[in-house]
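J.: Need coordinates for the following:
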Amino acid sequence: MFGADKGTADKLDGTKLHIGIVQARFNESITNALATACRSALLDLGVQEKHITHVLVPGALEVPVALQAMAESDNFDALIALGCIIRGETYHFELVANESGAGVTRLSLDYQLPIANAIITTENLDQAIARQTEKGRDAAYVAVEMANLLEALS
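T.: As a prediction, this is how the structure comes out:
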């Protein structure tokens, strides 16, 4: 929920982490803003620039296959999915939103690898613009927090 009380995590330390970002190009102005906010937050959390791998794919349905390739490489402590799906006049919105989300979740569980899902789904462009910075930053925080948690649990 936009503006929700997300609670406060312990001090997040990304200094030793390797993070992969998969960004969908569809709705590129929004996904570029998501990526900029995400990268900035990762750097703020101590993730080294050289430990951030950022790739682009055509759209949200292609995000899971790139995430899978990254997960299989075993080079990452966490991954981040960035995309923007804006409702149109057809059922295609539901298909893309549901399938991309299910793919991201399935990969995270299959590989036991944190994947922060910031493929935003909105009713219109104004809603996407309103969320692009916050959701990009949120994804970075989720990735670092979950990578640290899974490390502590192992």
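J.: From now on I want contacts and neighbour counts done on CA atoms only, so please keep to that.
T.: Will do.
J.: can you give me the helices in the chain?
T.: Taking DSSP state H to define them, one finds helices in the chain at 28-44, 63-73, 92-111, 125-153.
J.: Please indicate which of those helices has the most neighbours on average?
T.: helix 28-44 (a mean of 21; mean count of other Cα atoms under 10 Å).
J.: Need the residues that contact it.
T.: By Cα atoms under 8 Å, 6 or more residues apart in numbering, the list of residues contacting helix 28-44 from outside reads 14, 23-25, 49, 82-84, 128-129, 132-141, 144.
J.: Export the helices of the chain as TSV, with columns for distance to residue 53.
T.: TSV is the format used below for the helices of the chain (distance: least, Cα to Cα, whole Å):
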stretch	distance to residue 53
helix 28-44	10
helix 63-73	9
helix 92-111	17
helix 125-153	13
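J.: Select, out of those, the one closest to residue 10.
T.: When the helices of the chain are compared by Cα to Cα, helix 125-153 sits nearest residue 10, at 8.4 Å.
J.: That closest one versus helix 28-44: what angle between them?
T.: Going by axes from the mean of the first three to the mean of the last three Cα atoms, to 10 degrees, helix 125-153 is angled at 30 degrees with respect to helix 28-44.
J.: elements contacting helix 125-153?
T.: Under the contact criterion of 3 or more Cα pairs under 8 Å, 6 or more residues apart in numbering; DSSP states H and E, helix 125-153 touches helix 28-44, strand 78-86, strand 115-122.
J.: how about low-confidence regions in the chain?
T.: Filtered on pLDDT under 70, the chain yields the residue ranges 1-9, 91.
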